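K.L.:
Quick one: sequence and predicted model below, then my questions.
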There are 2 protein chains.
Amino acid sequence: MLQSKLFTKTLKDAPKDEVSLNAVLLTRAGFIDKLAAGVYTYLPLGLRALDKIKGIIREEMNCLGGQEIYMPALCPKENWLITGRWDKMDVLFKLKGAGDKDFALGSTHEEVVTPLVKKFASSYKDLPCAVYQIQDKFRNEPRAKSGLLRGREFSMKDLYSFHADEKDFEEFYEKAKAAYLKIFKRCGLEAIITEASGGSFSKYSHEFQVLTEFGEDLIYYCDNCFYAQNKEIAEHKEGDTCPKCKKGKIKAGKAIEVGNIFPLKTKFSEAFDYKYIDEKGKPQPVLMGCYGIGPSRVLGAIVEIFHDDKGICWPEAVAPFKVHLLCLGKEEAVVKQAKKVYDELLKNNIEVLYDDRLEATAGQKFADADLIGLPCRLVVSGKTGEKVEFKKRTEEKAELVAMEKLVNSLR
Amino acid sequence: MLQSKLFTKTLKDAPKDEVSLNAVLLTRAGFIDKLAAGVYTYLPLGLRALDKIKGIIREEMNCLGGQEIYMPALCPKENWLITGRWDKMDVLFKLKGAGDKDFALGSTHEEVVTPLVKKFASSYKDLPCAVYQIQDKFRNEPRAKSGLLRGREFSMKDLYSFHADEKDFEEFYEKAKAAYLKIFKRCGLEAIITEASGGSFSKYSHEFQVLTEFGEDLIYYCDNCFYAQNKEIAEHKEGDTCPKCKKGKIKAGKAIEVGNIFPLKTKFSEAFDYKYIDEKGKPQPVLMGCYGIGPSRVLGAIVEIFHDDKGICWPEAVAPFKVHLLCLGKEEAVVKQAKKVYDELLKNNIEVLYDDRLEATAGQKFADADLIGLPCRLVVSGKTGEKVEFKKRTEEKAELVAMEKLVNSLR
């Protein structure tokens, strides 16, 4: 893409009303724009990064056998009354529609997915079954100061699984755990599976926490085997010997939660009287699990973790483009050479943002490249000749590389 | 995809609470599920078809130079007060957030996009500029009985363009018209550009209408050059000579509106005091256009137009899968041959729904294939041997085809 055509621009100064690092950097770099507290527009660069994260999640959900569906944001009050959450969930946005009908904006979709799957999967032959959604959800957060980490309107992937028995549920739950670790790894994040409260139906649920000094959460984890519990349920204190591996020491660390999975068991199937018919013709309770990742939260977490004082440092798999190509100089030969490099990259399906702006100075272009933070920076100037200057965003060293070699290494 | 794994099932009977043809067929075929009047869940088949339509639209918007962004559903009251639409638009869903802040759910996004683009595109050098969004919108329709044709929550693509002068605007408007015709053609629809009221800022806006006996709208069109006006503004009656080509006769026809484009001119830029700085340093009014297509409405329209008494007949480009492969018989040789065909299709990247269900009868499988309506039906049975029976959904004639020839023709 030509940067001269990009309608957004980077901002020198931090927006006055943002305190969170992710919102400050993403706003300055032209990825998002704040419409209200916790409510953001995704600009072209931000939407590309968000779509990359969604794409990774979608692939792993499909591998897990999940079937993608898309549920409404407008969820009727009746469904929430059945589970008792109309009054219990204080973050529900409530509204009235024509005919005085009450809705809540979906903050989670157990109230929709349970009666939906009940309509179709009524026999033991129909189970297990797993459906997922990647779409926006809404939470009327009293405070929304954490940028994309705690939005009032946010992107969410939720997977819901339905099982005939405990063993089948447990097996799937473990597979989902593994899929989650893979998703985070692909996004450049090392997540630690952290035990959390299981509510009234299970001993534990599990959070996926990424250690970072910028984290809002506190977890206690083993420095050897990474067994971990969150602050709310931690049974061990710093310095204790790990109860699992008996080798490591328990440490406390700040972390950001990037996903969580819950054994819902029969909590929602009971509420909606969802039973399946077993081999003997008898009705049996359906067991459920739910598995959440917020793509917009992951986007925010990545920025909190991967940045320096000049800007964002995107992991390659989620960067809006892989390459930022800068043309320094207005001389015909330089412009021509830069265009040649751009065309060559496109021809090889390498995603590239081409800073072809004629009026920006070299200093502005370098500053923008650091702020936007694409993984590879290429420079064409009066000094680079037939070659191209290549530098990784996270390294200091730049080198002159021949085009062919460059394409091979980027491809 | 294996049909035995698909969690949805077809329904023999029409849902009792649906009167529209599109909702009846899409529900029976397992594409959508109604959650409330005008509010639907997209099931795996429905989501695939919807995504195909969105994909076609996205490609053509990108060709037009549009930059994709994603705006919030939660739109603050302040923005609507500026344009006066908080009180004037009676279909706005209104709600309160934390701190008693008022929002409307976006039913259209001029109130968000105008101040957004104003932040970045302030000079003549930044214009023209075109941004688009593909996302859900909300309208609190008093009656919502038309299935996907008039939803309370629906998928929408809106493109907004910004221009320095009338000539540039007009040129882009004509290009957008052409892009729209191309989109509908790719979706299998022949749309007629129909003049409609231009509101207070232009003589005309333009609707894209598809003739069909099932249409809710009435248009007057020339049977030779297809010049057309909608009922509200029609200046000619049936039987008149066409005022444009002077050859054809004006006819009246029922039609479904699948898109519309508006010359907004300065309506919203004035409201948000959005001016650009021209070459001489003087502020000048920005001219705007807006261009809408509802992917979910297009999905509904396609079903209204392409169906027979057995079910849907999807145009190939928007079908959830290209091929429906039916295995008739439980004998090992038949099952093995069907699996071989399935693998061969997958290997050749041909999208296929494979009815591998062991318990469904041949009659059920044929009925499901007709109801779901994929463009090509393949049958493997005890009679087909090494070959495969091929039939188009819209034709009666089936023929036995060798696998290699089949793959070549499907690819």
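P.N.:
Received the coordinates, thanks.

K.L.:
per-domain residue ranges of chain A.
P.N.:
According to automatic domain parsing, chain A comprises the domains A:21-308, A:321-410.

K.L.:
Would you state the helices of the stretch 201-350 of chain A in chain order?
P.N.:
Assigned helices in the stretch 201-350 of chain A, in chain order: A:267-271, A:295-305, A:332-347 (criterion: DSSP state H, counting those that start in this stretch).

K.L.:
possible to save the domains of chain A as a markdown table with mean pLDDT and mean neighbour count?
P.N.:
In short, each C-beta sits where N, CA and C put it, glycine included. Below are the domains of chain A laid out as a markdown table (pLDDT from 0 to 100; neighbours: other CB atoms under 10 Å in any protein chain shown):
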| stretch | mean pLDDT | mean neighbour count |
| --- | --- | --- |
| domain A:21-308 | 97 | 20 |
| domain A:321-410 | 97 | 17 |
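
K.L.:
all strands of the stretch 201-350 of chain A, in order?
P.N.:
Assigned by DSSP state E, counting those that start in this stretch, the stretch 201-350 of chain A shows strands spanning A:204-211, A:217-222, A:228-230, A:250-265, A:275-277, A:283-285, A:287-293, A:307-308, A:311-312, A:323-327.

K.L.:
Could you save those strands as TSV and add columns showing distance to chain B?
P.N.:
Below are these laid out as TSV (distance: least, CB to the nearest CB, whole Å):
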stretch	distance to chain B
strand A:204-211	24
strand A:217-222	22
strand A:228-230	25
strand A:250-265	17
strand A:275-277	13
strand A:283-285	18
strand A:287-293	14
strand A:307-308	23
strand A:311-312	18
strand A:323-327	17
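
K.L.:
Of all those strands, which one is nearest residue B:388?
P.N.:
When the strands of the stretch 201-350 of chain A are compared by CB to CB, strand A:275-277 sits nearest residue B:388, at 35.9 Å.

K.L.:
who does that closest one touch, helix- and strand-wise?
P.N.:
Counting contacts by 3 or more CB pairs under 8 Å, 6 or more residues apart in numbering or on different chains; DSSP states H and E, strand A:275-277 packs against strand A:283-285.

K.L.:
contacts for the strand it packs on?
P.N.:
A:124, A:164, A:266, A:269-270, A:275-278 (CB atoms under 8 Å, 6 or more residues apart in numbering or on different chains).

K.L.:
One more: stretch A:107-114?
P.N.:
Applying CB under 8 Å, 6+ apart, the contact partners of stretch A:107-114 are A:69, A:71-72, A:75, A:79-80, A:82-83, A:85, A:89, A:91-93, A:106, A:131, A:133, A:137-139, A:158, A:160, A:264, A:268-269, A:271-272, A:274, A:288, A:290, A:292, B:35, B:41.

K.L.:
Restricting to C-alpha, output that stretch in CSV.
P.N.:
This file holds the C-alpha atoms of stretch A:107-114, laid out as CSV (Å, rounded to 0.1, in the frame of the first residue of the first chain):
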residue,chain,number,x,y,z
SER,A,107,-21.6,-9.3,26.5
THR,A,108,-21.3,-13.1,26.2
HIS,A,109,-23.6,-15.5,24.4
GLU,A,110,-24.4,-18.5,26.5
GLU,A,111,-28.0,-17.3,26.6
VAL,A,112,-28.2,-17.5,22.8
VAL,A,113,-25.9,-20.4,21.9
THR,A,114,-27.4,-22.9,24.4
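
K.L.:
from the chain's centre, how far out does it sit?
P.N.:
On the basis of CA atoms, centre = their mean, to the nearest Å, stretch A:107-114 is displaced by 20 Å from the centre of the chain it belongs to.

K.L.:
again with stretch A:17-34
P.N.:
16 Å.

K.L.:
Next, give me the two most distant ones among the contacts of strand A:283-285.
P.N.:
Spatial extent of the contacts of strand A:283-285 (CB to CB) is set by the pair A:124 and A:270 at 18.1 Å.

K.L.:
What segments of the stretch 1-150 of chain A are helices?
P.N.:
For the stretch 1-150 of chain A, the helices defined by DSSP H, counting those that start in this stretch cover A:21-28, A:44-63, A:77-83, A:85-88, A:110-120.

K.L.:
Can I get the ones you listed in a markdown table including distance to residue B:335?
P.N.:
Below are the helices of the stretch 1-150 of chain A laid out as a markdown table (distance: least, CB to CB, whole Å):
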| stretch | distance to residue B:335 |
| --- | --- |
| helix A:21-28 | 53 |
| helix A:44-63 | 25 |
| helix A:77-83 | 41 |
| helix A:85-88 | 46 |
| helix A:110-120 | 25 |
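
K.L.:
Ok, which of those comes nearest residue B:60?
P.N.:
The minimum distance between residue B:60 and the helices of the stretch 1-150 of chain A falls on helix A:44-63, with 17.1 Å, by CB to CB.

K.L.:
before we move on, back to that, mind checking the domains of chain A for the one nearest to residue B:115?
P.N.:
Closest of those to residue B:115 is domain A:21-308, at 9.0 Å (criterion: CB to CB).

K.L.:
Quick check: the residue of the stretch 251-400 of chain A nearest chain B.
P.N.:
Closest contact between the stretch 251-400 of chain A and chain B, by CB to the nearest CB, is at residue A:359 (8.2 Å).

K.L.:
How much space separates that residue from residue A:311?
P.N.:
Taking CB to CB, to the nearest Å as the measure, residue A:359 falls 21 Å from residue A:311.
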